[in-house]
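S.K.: Have a look; sequence and predicted model below, questions after that.
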Amino acid sequence: MSINPQVLSLTKSATLKITALTKQIKREGKDVVNFAAGEPDFDTPDFIKTAAKKAIDQGFTKYTPSSGDNRLREAIANKLKINNGILADKENIIVTSGAKYAIFIALLSLLSDGDEVLIPLPYWVSYPEMVKLTSAKVKFIELAEQNNFKLTPKLLEESITDKTKVLIFNYPNNPTGITYNKKELREISEIIKGANIHVISDEIYEVLVYDKKSHISFASLDSMQDKTLTVGGFSKSFAMTGWRVGYLAANKDLVKEISKIVGHTTSCPCSVSQAAALAALEDTEWQAQISLKFEERRDLLYKGLGDIPKIKPLKPEGTFYMFCDISQTGLTSFDFCSRLLEEELVSCIPASSFGKEGYIRVSFSTSLEQINKGINRIDSFIRQL
Ligand SMILES: Cc1ncc(COP(=O)(O)O)c(C=O)c1O
């Protein structure tokens, strides 16, 4: 059978191998501490489920416009105006089947043959794979550990060539957990101002920012609105990973073009999930509570891992991921994670999946009790090495 070489070039990540191994061990009835999760452990709140049930009963079960139900587009535009300082109307918004699809169609709409896409490394696993499915090429920007894996104006400037078309920028960041303050973002925007490129700003973790800091959207910075395609969603903010609702906020003309891609591929996002997302936006109380819970978990995990020899955790400023340097153990990140899972029943993600060796990603999307158990098991694993 002849399969498209672009598809054949996609990698099956180490993340999947570890996840499969975790499931197998769980099936054997063993008590695994799951530090590998990429989704909130909370259930979708009841008020959201109720709105979805009502939508089904009222027959909101047909195709919606390709760019999404107009009430939801309007509500997202309002949220972006009020919370994010982005001047958006509903025509700037396209609702998508998850934020992942928003990123993919953004790339598809912008890229042609010979273009280059800048991806800071460590990166979220799907970015390079999505670019492989377009006709463009990936160029990684290796971020320095000494600078907490933050993109600097200098690194960005050095990476831009006349082929560069897009920068994929993600903060709060998966996998490092870091985010950016206004000064840092302004400095990056100064470089973008002088270059003929677009920024796909993946802000899916925007509500999970700690230490009383707040999230600043890239499109809200001076002159960045038209150069930025903001990606957001409901998966992480409202524990709605399975509902598949995300969105893209971009220039109105671009949104019109992108909606053609949706119209010919998925038609539209699921109508019932859109009704649920509309209800979600009416409540901000739930998010504030969840964010505080994650912060408490972060503090517990950071203190616990910090006390273990040979592990250096980077304190997350957002998300539910902690990036930990394990290079002193002498193990590769994959060997570290598979041995930790087999010997101590703790599952983590090797950072080789994110393009970086010598690190692991520890998710604190689990209870305080599980976090304590996981810390003790990692401690025992390290001491026996
Ligand atoms: C950085 C980042 N962007 C986008 C997504 C995709 O989110 P969604 O579930 O809305 O497709 C994820 C999910 O893990 C993510 O970590």
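M.R.: Here it is on my side, so go on.
S.K.: what's the distance between the closest residue to residue 296 other than its chain neighbours and the ligand?
M.R.: Spatial nearest neighbour of residue 296, excluding adjacent residues (C-beta to C-beta, 6 or more residues apart in numbering): residue 368 at 7.0 Å. In this view, the C-beta of every residue, glycine as well, is placed from N, C-alpha and C. The gap separating residue 368 from the ligand is 23 Å, by C-beta to the nearest ligand atom, to the nearest Å.
S.K.: and residue 368, what is it in contact with?
M.R.: 296-297, 300 (C-beta atoms under 8 Å, 6 or more residues apart in numbering).
S.K.: run the last query once more with 10 Å
M.R.: 293, 296-297, 299-301 (C-beta atoms under 10 Å, 6 or more residues apart in numbering).
S.K.: among those residues, which are in helices?
M.R.: Among the contacts of residue 368, the ones falling in helices (DSSP state H) are 293, 296-297, 299-301.
S.K.: so residue 246 sits right up against residue 262, yeah?
M.R.: No. The pair residue 246 and residue 262 fails to qualify as a contact (C-beta atoms under 10 Å) at a distance of 11.8 Å.
S.K.: Between these two, which contacts overlap?
M.R.: Residues touching both residue 246 and residue 262 (C-beta under 10 Å, 6+ apart): 94-97, 101-102, 269.
S.K.: Go through these and say which is closest to residue 250.
M.R.: Nearest to residue 250 among the shared contacts of residue 246 and residue 262 is residue 94, at 7.6 Å by C-beta to C-beta.
S.K.: So which residues on the stretch 151-300 of the chain come close to the ligand?
M.R.: Within the stretch 151-300 of the chain, the residues that sit near the ligand (C-beta under 6 Å from any ligand atom) are 170, 174, 202, 204, 233, 235, 241, 246.
S.K.: What's the PyMOL syntax to select whichever of the residues you listed are buried?
M.R.: Per 16 or more other C-beta atoms under 10 Å, the buried members of those correspond to this PyMOL selection:
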select buried, resi 170+174+202+204+233+235+241+246
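S.K.: Could you export the residues of the stretch 151-300 of the chain next to the ligand as CSV, including secondary structure?
M.R.: Below are those laid out as CSV (DSSP: H, G, I helix; E, B strand; the rest coil):
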residue, secondary structure
170, strand
174, coil
202, strand
204, coil
233, strand
235, coil
241, helix
246, strand
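S.K.: Let's have the residues of the stretch 151-300 of the chain next to the ligand in CSV, adding pLDDT.
M.R.: Below are these laid out as CSV (pLDDT from 0 to 100):
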residue, pLDDT
170, 98
174, 97
202, 98
204, 98
233, 96
235, 94
241, 93
246, 98
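S.K.: Below-threshold pLDDT in the stretch 1-150 of the chain: ranges please.
M.R.: 13-14 (pLDDT under 70).
S.K.: residues in it within reach of the ligand, list them.
M.R.: 38, 98-100, 124.
S.K.: can you rerun that using 8 Å?
M.R.: 38-39, 97-103, 124, 126 (C-beta under 8 Å from any ligand atom).
S.K.: what about the helices in this structure?
M.R.: Using DSSP H, helices in the chain cover 5-8, 14-27, 46-57, 70-84, 99-110, 126-132, 153-159, 182-193, 252-264, 271-281, 285-306, 333-344, 368-384.
S.K.: Show me what the fourth one packs onto, helices and strands only.
M.R.: It stands for helix 70-84. For helix 70-84, the elements it packs on are strand 93-96, strand 228-233, strand 246-249, helix 271-281, judged by 3 or more C-beta pairs under 10 Å, 6 or more residues apart in numbering; DSSP states H and E.
S.K.: ok, now the second one?
M.R.: For helix 14-27, the helices and strands in contact under the criterion 3+ C-beta pairs under 10 Å, 6+ apart are strand 33-34, helix 333-344, strand 346-347, strand 349-350.
S.K.: so how far is that helix from its chain's centroid?
M.R.: 21 Å (C-alpha atoms, centre = their mean, to the nearest Å).
S.K.: Need the residues that contact it.
M.R.: So helix 14-27 is contacted by 13, 30-38, 125, 333-334, 337-338, 340-342, 345-354, 361 (C-beta under 10 Å, 6+ apart).
S.K.: All good on my end, thank you.
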